[in-house]
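Trainee: Provided below are the primary sequence and the corresponding predicted coordinates.
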Amino acid sequence: MTQELEMRFIEQSHQLDTSATSPLSALRAKGLKSFREQGFPNSRMEEWRTTDINPIRNVNLSYLHKIDSPQCDQHALTGAWWRAVLKDLPTVTSWNGHVAANSKHPDVPCVDMRILTDNDHTPATPGAVPGRVAELDEYPFAALNTAFLEQAICVTAAAVADDGETQPALHVAHCVSATDGNPHVHPRLVIHVQPNASLRLIESTCGVTDQPYLVNTVTEIVLEEGASLEHIRIQDDAPGAFSFGNIYVRQEANARYVSFALNMGAAIARNEFLVDLKGEHAECVLNGLYTGSRSQLLDTHSIIRHSVPHCTSSELYKGIMDGDSRGVFRGLIHVLPHAIKTSAYQTSRALLLSKTAKVHAKPQLLIFNDDVKCSHGATVGGLDLDAFFFLQSRGLSPSRARGILTAAFGGEPFRELEFSELTSALTDRLREQYAE
Amino acid sequence: MLTITDLKASVAGNDILKGVNLSVNEGDVHAIMGPNGSGKSTLANVLAGHPAYTVTSGTATYKGENLLDKEPHLRAREGLFLAFQHPVEIPGVTNAYFLKNALNALREHNGEEPVDAVEFRTILEENIRIVGIDNALLKRPVNEGFSGGEKKRNEILQLLVLNPALAILDETDSGLDIDALKIVASGVNHFRADDRAVVVVTHYQRLLNYIEPDFVHVLMDGRIVKSGDRMLAQELEARGYDWIRDELSEGDAA
Amino acid sequence: MADEPKTETMDAESAIQNEYRWGFSTDIEQDMAPPGLNEDVIRLISKRKNEPDWLLEWRLKAYRHWLTIKEPSWATVHHPPIDYNSIIYYAAPRKKKLLESLDEVDPKLLETYEKLGIPLDEQKMLAGVAVDAVFDSVSVATTFKDTLAKYGVIFCSFSEAVQEHPDLVRKYLGRVVPPTDNFFAVLNSAVFTDGSFCYVPKGVRCPMELSTYFRINAKNTGQFERTLLIADEGATVSYLEGCTAPQRDENQLHAAVVELFAHEKATIKYSTVQNWYPGDENGKGGIYNFVTKRGRCDGDHSHISWTQVETGSAITWKYPSCILKGDHSVGEFYSIAVTNNYQQADTGSKMTHLGKNTRSTIVSKGISAGHSANSYRGLVRMGPACNSSRNHSQCDSLLLGDQAAAHTFPYIDVQNPDTTVEHEATTSKVNDDQLFFLQQRGINPEDAVSMIVNGFCREVLMELPMEFAVEARKLLAISLEGSIG
């Protein structure tokens, strides 16, 4: 790969401390090698044919080295509606890809959080280290993240001692603040939920800048036997941003992973989920909503790999596309030969609100044994005009009717969310936003 | 016609039948009653050869031959009919098409010529009248979109068309209103004859008001613990099952 | 896996020799081009067929484009690389030695004919036995032709059309599948040797299914068949291609092109039953069927309907498609694809909605047994101007046996909010309760499965012309023989 942008990234990666012999440094070398081989994807590749990332090439992105104290403070971040819901949660914030060395870690019962670096690499549990589940081949952005892996936020959740305690919750916020220049940042989050432990994790990305930037997260999740994780991702990046999320999940027997992803901001955003169901009776729920306007490109890719018998997965994604925005949904259910008694369901629905919005959907089933129940459904269309008329005939204004119907549509993937405050805030927000 | 000796069977590793003895002769109508979970449906399904059930010991002889060795469709062709408790839906396969195929498979087995369209029509019309289902249901896929009552009546239609020697009705009365119950019963009574036998598996005595049994058996915890005539059914209706349980434990204590 | 694709290249000539298994030897006559493809071979083909210059240029243009493109690799099928330079592209007129009687025909083939209930004379014809005067296909064909001529319907071989109706051919050839389309279509454009041509004039309802005729004339039309079917304003035609009886064929690679062109208010129904040699139980041999089929609903209120029953071929790569250009036009695709043993099928449809108030329906039923792989691949595209258009797709897969694979790859691209696209897909195995129920009613397991499969396919079977539906049902049962343990 000899293109200019690739070269620039490779050069910048070389500027990192290569003398270190830490595990992170070894991973960086691996990531760089993989990125060097792959480069940035192009639309000739099947998985990228509807996701053109060329606008990234027009921005002079540069890497910001470790900074010891945040240049911004929390006050800069108050605007967004969802922040109000999360304000009381224990929060750790990374600024431009780094958690400041002197920042205080929130104290959450049963949760051990550490920042691993070249100099300090003592994980809480052997499972809570980066590089265990992330795959780099075919994931050029994950490779790039790994090439710049200077710091990893590693969280271990242990089982609650007695039943009286509530499920621990943690908010990890990745913020970008560019006072000058266009940073590219590569946060890494590792979540290890121990046997029978449970955790609620909120992961958000946002920017306090008008400048384009690249935020490229890798989240690695290992759920041990009987573990449970509710994982909420909120992508509310600045309008000019390029936001990439790579989420890798490995589930042992009876583990339960429930994901709710809200994809709202950025100019180009893509979430890639790779969920590996490794233990029997594991259950996975992947739900999400993307809401596009302007000329946004919002993309969700997911692969759910059923490797063993008796696992269940369900996926419900919705898109609301307005303006000139473009939505992409590709979901693959992959059932391997021995994974009998698999139940897998996937639904993707998109609502087009303008003449110039577009949606590309590709739900896929790849099934290699006969003892399965799998289905997928996909619909794309405009607002249900019968319902729209019915509401008006009962006295609601057209804008109110539009808001109600759109919120009902968009809220569905979040209905099962146990963090119900977020669901109601989201629904309120949608009802207002689309009543205009 | 059917002799069951010390039959034991399990499903998914759980022992359900723990030594059932039963003898059914031509012309007999037997009722097998018992509380929920006593093994009634298991017995019916084991006799029909449902693959989910495993016979662990004992024998069942039907028309002088070992029944348990035979594949399910061969049992059926030999004249053993099970009316299912939960009739299954088969998308895309019409009722009439299915029935004609079943009838011709039976005829072929008996060395008879297959029925032609006209003959089949006649047989159908005769029996549709008895069970009182709508002609249109014949053109619909098997049981798809049928109401509970329609499904049960459809089972009785199959009974009449296939005309077996031994009919086992598994909770055919469940979920039926009184009118449907009467129709189902009249279908069964129409079927009754000196050379045929009926085994009615039921939780309630209600159906037995319309299909009068010659023998009544109480199945409890995988065994037939009490047998009698139709008066026993009425006693069960009046007193429930607990007194039998008490009687049994007294017997154990003595 | 036992049948890992071999790396050796496939030699078409040796494939021909191997056909000895069918019990006849191939007697290749003199007039043939050397193996391989170059401009001289194309000139030879065109010259032998006495083609006008524009057609030669058309072929050469396609060939030059073909040189610049690569064989597609996106389909979920595996085969050894095809050596295009070992294929003989022109070898006509090739007379095959006819057999003396049915005794010389592979008994397996006869058994299948028997099960399908194919009349004896027709069996002879299909198996390549010399047919005597009792069954004079030529005179039957002539009768059909006379009837068609009365209505002004042109129905003839492609070569004949080039000679007799050059203006029509020139006007429509490549309008739907341009000579710069996909790899296999482009190859076909360069080297096609023959095929069928049909033109139904304005307002004419074609008086017969163009099926019987075709069946009687089911001679070897060659590896690179080209079919062009035009329904003028208000015309209606139903065309049936193929045959439920397994066809004898010595070419391993088939790359046909079918173009349908429907003018205003025209209706074209195109049904296919494909039952080419699928290879043996171990996946040896069999036809590679790489077909491009596309219809253009050019005029308002036009209607194109594809129905296919695909049970044959080792590899099927086929996506009958509709371009819905005219307002209120309708495109339909009904498909049954059965794969058994080591067969591979990658099939589906493309519906491109351009006109207003257009409608499309896709119903695909895939059945995979043995070690086979069956993929649905489809695209529904709603263009920016196709207001009030709708699509509904239903893709169901039924798996028989734990070594079989079923895949679904639908692509949905929507650029207009005033449209509705619905896609549903399910994958499941034969339901044990259904099997037991049927068995309890006296039906043996194999018949029970066949009954369930037929039920599963009912929606599609109902789209077939009556007499073919009956044969297709039997064909499904035969294709799945031995798949139940």
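Mentor: Happy to help now that I have it. Numbers count the residues shown, from 1 in each chain, chains lettered A, B, ... in the order given.
Trainee: switch to C-alpha atoms for all contacts and neighbour counts from now on
Mentor: OK.
Trainee: can you give me the helices for the chain?
Mentor: As the question left the chain open, I've gone with chain A. For chain A, the helices defined by DSSP state H occupy A:4-14, A:23-38, A:81-86, A:140-147, A:385-393, A:398-411, A:420-433.
Trainee: chain C is the one I meant
Mentor: Going by DSSP H, chain C shows helices at C:12-18, C:39-48, C:53-67, C:107-116, C:120-127, C:137-150, C:158-164, C:166-172, C:183-191, C:212-216, C:432-440, C:445-456, C:458-461, C:466-479.
Trainee: tell me the mean pLDDT for the fourth one?
Mentor: Average pLDDT, helix C:107-116: 64.
Trainee: which strands or helices does the helix or strand bottoming out on mean pLDDT in chain A pack on?
Mentor: Ranked by mean pLDDT, DSSP states H and E, the weakest helix or strand in chain A is helix A:385-393, scoring a mean of 75. For helix A:385-393, the elements it packs on are helix A:398-411, judged by 3 or more C-alpha pairs under 8 Å, 6 or more residues apart in numbering or on different chains; DSSP states H and E.
Trainee: hmm, back to that, how much does the least confident helix or strand of chain A deviate in direction from helix A:398-411?
Mentor: Helix A:385-393 runs at 130 degrees relative to helix A:398-411, counting by axes from the mean of the first three to the mean of the last three C-alpha atoms, to 10 degrees.
Trainee: can you give the contact residues for helix A:385-393?
Mentor: For helix A:385-393, contacts defined as C-alpha atoms under 8 Å, 6 or more residues apart in numbering or on different chains pick out A:398, A:401-402, A:405.
Trainee: before we move on, what about stretch B:61-72?
Mentor: By C-alpha under 8 Å, 6+ apart, the residues outside stretch B:61-72 that reach it are B:1-4, B:47-50, B:59-60, B:75, C:436, C:439-440, C:442.
Trainee: if we go by neighbour counts, what in that stretch is buried?
Mentor: The neighbour-count check on stretch B:61-72 (16 or more other C-alpha atoms under 10 Å in any protein chain shown) flags B:61-62, B:67-68, B:71-72 as buried.
Trainee: quick one: end-to-end distance for that stretch.
Mentor: With C-alpha to C-alpha, to the nearest Å as the measure, stretch B:61-72 spans 15 Å from end to end.
Trainee: give me the mean pLDDT for it.
Mentor: Stretch B:61-72 carries an average pLDDT of 92.
Trainee: centre of the chain to it, how far?
Mentor: Relative to the centre of its chain, stretch B:61-72 is centred 16 Å away, using C-alpha atoms, centre = their mean, to the nearest Å.
Trainee: up against chain C, what does the stretch 1-150 of chain B have?
Mentor: B:48, B:50-51, B:72-77, B:81-82, B:88-94, B:101-102, B:105-106 (C-alpha under 8 Å from any C-alpha of the partner chain).
Trainee: go on, chain A?
Mentor: Taking C-alpha under 8 Å from any C-alpha, the part of chain A that reaches chain C is made up of A:337, A:351-382.
Trainee: ChimeraX command for the buried members of these?
Mentor: Entered in ChimeraX, the line below selects the buried ones among the residues of chain A next to chain C, by 16+ other C-alpha under 10 Å:
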select /A:337,351,352,353,354,355,356,357,358,359,360,361,362,363,364,365,366,367,368,369,370,371,372,373,374,375,376,377,378,379,380,381,382
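Trainee: now, which of the residues of chain A next to chain C lie within strands?
Mentor: With strands taken from DSSP state E, the overlap with those comprises A:351-352, A:358-367, A:372-381.
Trainee: got a list of what the nearest residue to residue A:360 once chain neighbours are set aside touches?
Mentor: Using C-alpha to C-alpha, 6 or more residues apart in numbering or on different chains and skipping the chain neighbours, the partner closest in space to residue A:360 is residue C:413 (4.3 Å). Taking C-alpha under 8 Å, 6+ apart as the criterion, residue C:413 is in contact with A:358-361, C:379-382.
Trainee: C-alpha coordinates for stretch C:55-63, PDB please?
Mentor: Only the C-alpha atoms of stretch C:55-63 are listed here, as PDB (Å, rounded to 0.1, in the frame of the first residue of the first chain):
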ATOM      1  CA  LEU C  55     -22.700  -8.800 -36.200                       C
ATOM      2  CA  LEU C  56     -19.100  -9.800 -36.700                       C
ATOM      3  CA  GLU C  57     -18.100  -6.400 -35.400                       C
ATOM      4  CA  TRP C  58     -20.500  -6.800 -32.500                       C
ATOM      5  CA  ARG C  59     -18.900 -10.100 -31.600                       C
ATOM      6  CA  LEU C  60     -15.300  -8.800 -32.000                       C
ATOM      7  CA  LYS C  61     -16.200  -5.800 -29.800                       C
ATOM      8  CA  ALA C  62     -17.400  -8.200 -27.100                       C
ATOM      9  CA  TYR C  63     -14.300 -10.400 -27.400                       C
END
